[in-house]
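Student: pasting a predicted model and its sequence here:
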Amino acid sequence: MNTLIFGLLTIISLFIFLKLGKIKASTKQLNRENRIKWTQNQTLNENADNSKTEEVKPSQISDQSDK
């Protein structure tokens, strides 16, 4: 009985997910000025206030257990 209920729930959820996946955002939402830039190859990051900061690479942590 549980298998039937959860199977139907899975099929209904999958159907709803596939139907809602076809809905796109409006052009007003897509073409706005303060949109987040999701590019990988940026050397400078822009904060929410459009100030630019350089990325800081982490330095190597040495093993101090030898002391």
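Tutor: Looks like it came in fine. The shown structure was predicted, so the numbers you read here are calculated from the model rather than taken from an experiment.
Student: lowest-pLDDT helix or strand in this protein?
Tutor: strand 44-46 (a mean of 52; mean pLDDT, DSSP states H and E).
Student: run the chain-centre distance for the lengthiest helix in the chain.
Tutor: Once the chain is assigned using DSSP state H, the helix that runs over the most residues is helix 2-20. Mean-position distance between helix 2-20 and its chain equals 25 Å (C-alpha atoms, centre = their mean, to the nearest Å).
Student: next helix or strand past it?
Tutor: helix 27-30 (DSSP states H and E).
Student: contacts for that next one, please.
Tutor: For helix 27-30, there are no external contacting residues (C-beta atoms under 8 Å, 6 or more residues apart in numbering). Quick note: C-beta positions are derived from backbone N, CA and C, even for glycine.
Student: how close does the residue sitting nearest the centre point of the chain sit to Ile5?
Tutor: Nearest to the mean C-alpha position of the chain, by C-alpha atoms, centre = their mean, lies Trp38 at 9.0 Å. Trp38 sits 40 Å away from Ile5, going by C-beta to C-beta, to the nearest Å.
Student: in this structure, where is pLDDT below threshold?
Tutor: By pLDDT under 70, the low-scoring segments of the chain are 40-56, 65-67.
Student: gap between Leu14 and Leu4?
Tutor: Distance, Leu14 to Leu4, using C-beta to C-beta: 16 Å.
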